[in-house]
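S.K.: Structure here, sequence nowhere to be found:
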């Protein structure tokens, strides 16, 4: 979303002045002339920041009532699928490896780390502040979680990763990236999913010297979830039972009212949210 | 070799004071008690900087007389195999793609580019000075070659790559890397083979901001040829006929005398060589 607000080249076209802002939405069908959708059906789709929408049906997906509707925007939606695709297509984590997840309490990071735990890895989160770190360790059951606000991040991370780092799920960039890159093991994989620390910068800061990539045969690869559309259905089939039984954990921050959506996006960029950021639009708006 | 001269962690252990300096060597058997090696056999192996060596035989490989002996140190040896493995295992170039090769007249780059030409790619070299650029275009038949000493490298490279860059074979680092990275296409592959521009630096310069890796789903991967030992025999079988028929081109710079080997290495680091750097040790030394 943040990338679409700047008039510069990206994998997604910028939103134009007067256009509806892009965003995933979930809701209920309140009128239908489409044989595939009935009154009361629950649907999700990339329908943007608006209270109501009209659809020909082709951009909406019906979802079950097995999980809370908003789960299809987070843990069972695009963020959860991003985590799954990153781990499957790039991370390829093996039991016993050390996996580090930045923005570990976020909608993507929390799922990525839980997938790595299920694969038998040692999982270390990086998150902002003691509340998030505590939740990552106690509820998500990561082996450790480092607060990126500590004065000596690189040292704290080294202490949490005594065997180095084999897989890194990158959501943040900046100082966190530098600290992790210094600890990567030979043949490490880096899933480049996002660099939220710099989305508000107008000039990009320098990055890490890449000499280590040669000697350590590191693989650094970018991930956009929509490149492999089949992963969404795969992930929903795999993870829906985990959500139902309560073994896959996730958190949400809910802001009320469409008019507060810009603030909600700003919260994501500053780390003010905790888990998936949602904007609730009442039936009466 | 340069990495082994510094007392710091690398994929290869440092050479110790008093040890023979590491290096690939080719020569003739002048005495043998080994049933597998006869007087006059030609052999290659990682035998270091020395005029004579004694071997139990397990670290030597007999080579044919189909190609000049020194070709097994260059085009048919470790550098040629590095180019082949990089293109096969990481580059995976397709016909019509644009491939950029830095240090294009070097032992690795010259082979990498010719492999890409055989795959039907548009191949653009980067080399130092007009002589090398001319050879890359006229003899190697690359589609273009940019002199990295021109004042506006990024613009010159953009002119040579009107459709962007799909595969980059990295041997250099520094300003050349920055210029190439700015032109990478979505789903580009970067073969990280070396960064010779910084091997003499004691503190590493900053690198590129990696935000583009996410949006463009770029894959950046390190390559060390010895990780896939089977590639050597594959490459020799594939390329020996090309060397014999003269369709795979290569150049050599030969320095005479073991005592000049340190200078020869310095020439490689400053770009003073042209093609594979060889040190000839006469039978009488």
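M.R.: Thanks, I have the structure now. From a predicted model like this one, the values you see are computed outputs, not experimental measurements. Numbers count the residues shown, from 1 in each chain, chains lettered A, B, ... in the order given.
S.K.: Residue A:256 touches residue A:278, doesn't it?
M.R.: No: at 9.8 Å, residue A:256 does not count as touching residue A:278 under the criterion of CB atoms under 8 Å. All C-beta atoms are positioned from the backbone trio N, CA, C, and that covers glycine.
S.K.: More neighbours: the two, which one.
M.R.: Between residue A:256 and residue A:278, counted using other CB atoms under 10 Å in any protein chain shown, the more crowded position is residue A:278 (18 against 13).
S.K.: So the more buried one belongs to a strand, correct?
M.R.: Yes: counting by DSSP: H, G, I helix; E, B strand; the rest coil, residue A:278 is part of a strand.
S.K.: Beta-bridge partners for it, please?
M.R.: Beta-bridge pairing of residue A:278 under DSSP bridges involves residue A:254.
S.K.: Would you mind finding the longest helix in chain A?
M.R.: Longest helix of chain A, by residue count under DSSP state H: helix A:230-245.
S.K.: quick one: what helix or strand has residue A:115 in it?
M.R.: Assigned by DSSP states H and E, residue A:115 belongs to helix A:109-118.
S.K.: chain center to that helix, what's the gap?
M.R.: 11 Å (CA atoms, centre = their mean, to the nearest Å).
S.K.: now do stretch A:213-232
M.R.: Computed by CA atoms, centre = their mean, the chain-centroid distance of stretch A:213-232 equals 15 Å.
S.K.: same thing with stretch A:267-283?
M.R.: In terms of CA atoms, centre = their mean, the centre of stretch A:267-283 is found 13 Å from the chain centre.
S.K.: Which positions in it come out as buried?
M.R.: Within stretch A:267-283, the residues that count as buried by 16 or more other CB atoms under 10 Å in any protein chain shown are A:267-268, A:271, A:273-279, A:281.
S.K.: Give me the contacts around that stretch.
M.R.: Residues outside stretch A:267-283 that contact it (CB atoms under 8 Å, 6 or more residues apart in numbering or on different chains): A:2, A:49, A:51, A:70, A:73-75, A:79, A:105-107, A:110, A:128-129, A:131-132, A:135, A:196, A:199-200, A:250-258, A:260-261, A:264-266.
S.K.: from these, which ones fall inside helices?
M.R.: Counting by DSSP H, these contribute A:79, A:110, A:131-132, A:135, A:261, A:264-266 to helices.
S.K.: which among those residues end up buried?
M.R.: Buried members of the ones in helices among the contacts of stretch A:267-283, counted by 16+ other CB under 10 Å: A:79, A:110, A:132, A:135, A:261, A:264-265.
S.K.: which of the residues you listed sit farthest apart?
M.R.: The two members of those with the most space between them (CB to CB) are A:135 and A:261, at 24.9 Å.
S.K.: hmm, back to that, what are the contacting residues of the helix holding residue A:115?
M.R.: For helix A:109-118, contacts defined as CB under 8 Å, 6+ apart pick out A:75, A:79-80, A:83-84, A:86-87, A:91, A:93, A:99, A:101-104, A:123, A:125, A:127, A:136, A:140-142, A:167, A:169, A:171, A:191, A:239, A:248-251, A:275.
S.K.: Which strand or helix spans residue A:84?
M.R.: Using DSSP H and E, residue A:84 sits in helix A:78-85.
S.K.: continuing past the lengthiest strand in chain A, what's the next helix or strand?
M.R.: Ranked by number of residues, the top strand in chain A under DSSP state E is strand A:184-192. With elements assigned by DSSP H and E, the helix or strand that comes after strand A:184-192 is helix A:211-216.
S.K.: Which strands and helices lie in contact with that next one?
M.R.: Under the contact criterion of 3 or more CB pairs under 8 Å, 6 or more residues apart in numbering or on different chains; DSSP states H and E, helix A:211-216 touches strand A:184-192, strand B:219-222.
S.K.: Does the last one reach chain A?
M.R.: Put plainly, it is strand B:219-222. Yes: using CB under 8 Å from any CB of the partner chain, strand B:219-222 reaches chain A at B:219-222.
S.K.: low-confidence ranges in the stretch 1-150 of chain A?
M.R.: For the stretch 1-150 of chain A, applying pLDDT under 70 flags no range at all.
S.K.: Excluding sequence neighbours, find me the nearest residue to the closest residue to chain B within it.
M.R.: Relative to chain B, the nearest point of the stretch 1-150 of chain A is residue A:11 (4.4 Å; CB to the nearest CB). Leaving aside its chain neighbours, residue A:11 sits nearest to residue B:215 (4.4 Å; criterion: CB to CB, 6 or more residues apart in numbering or on different chains).
S.K.: sorry, back to before: and the buried ones among the contacts of stretch A:267-283, selectable in ChimeraX?
M.R.: The ChimeraX selection below is limited to those of those classed as buried (16+ other CB under 10 Å):
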select /A:49,70,73,74,75,79,105,106,107,110,128,132,135,196,199,250,251,252,253,255,261,264,265
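S.K.: Around chain B, pick out the residues from chain A.
M.R.: Selection of chain A residues close to chain B by CB under 8 Å from any CB yields A:3, A:10-11, A:173, A:177, A:186, A:192-195, A:198, A:204-211, A:213-224, A:227.
S.K.: ok, 7 Å please
M.R.: Contact residues, chain A versus chain B (CB under 7 Å from any CB of the partner chain): A:10-11, A:192-195, A:198, A:204-211, A:213-224, A:227.
S.K.: Was I right to think residue A:193 contacts residue A:222?
M.R.: No: between residue A:193 and residue A:222 there is no contact under CB atoms under 7 Å: 8.1 Å.
S.K.: Need the overlap of contacts for these two.
M.R.: Jointly contacting residue A:193 and residue A:222 under the rule CB atoms under 7 Å, 6 or more residues apart in numbering or on different chains are residue B:214.
S.K.: Give me the number of neighbouring residues for the closest residue to chain B within chain A.
M.R.: Chain A approaches chain B most closely through residue A:206 (3.5 Å), counting by CB to the nearest CB. Neighbours of residue A:206 under the rule other CB under 10 Å: 11.
S.K.: In space, what's closest to it - neighbours in sequence excluded?
M.R.: With CB to CB, 6+ apart as the criterion, residue A:206 has its nearest non-adjacent residue at 3.5 Å, and that residue is residue B:206.
S.K.: Go ahead and confirm that neighbour touches residue A:210.
M.R.: No: Residue B:206 lies out of contact with residue A:210 (CB under 7 Å); the separation is 10.2 Å.
S.K.: for the helix or strand just after the helix holding residue A:84, packing partners?
M.R.: Next helix or strand after helix A:78-85 toward the C-terminus (DSSP H and E): strand A:98-102. With contacts defined as 3 or more CB pairs under 7 Å, 6 or more residues apart in numbering or on different chains; DSSP states H and E, strand A:98-102 has these neighbours: helix A:109-118, strand A:122-127, strand A:165-170.
S.K.: Which one of these lies nearest to residue A:232?
M.R.: For these, proximity to residue A:232 was assessed by CB to CB; helix A:109-118 is nearest, at 13.2 Å.
S.K.: Please point out which parts of the closest one sit buried.
M.R.: Neighbour-count burial for helix A:109-118 flags A:109-117 (criterion: 16+ other CB under 10 Å).
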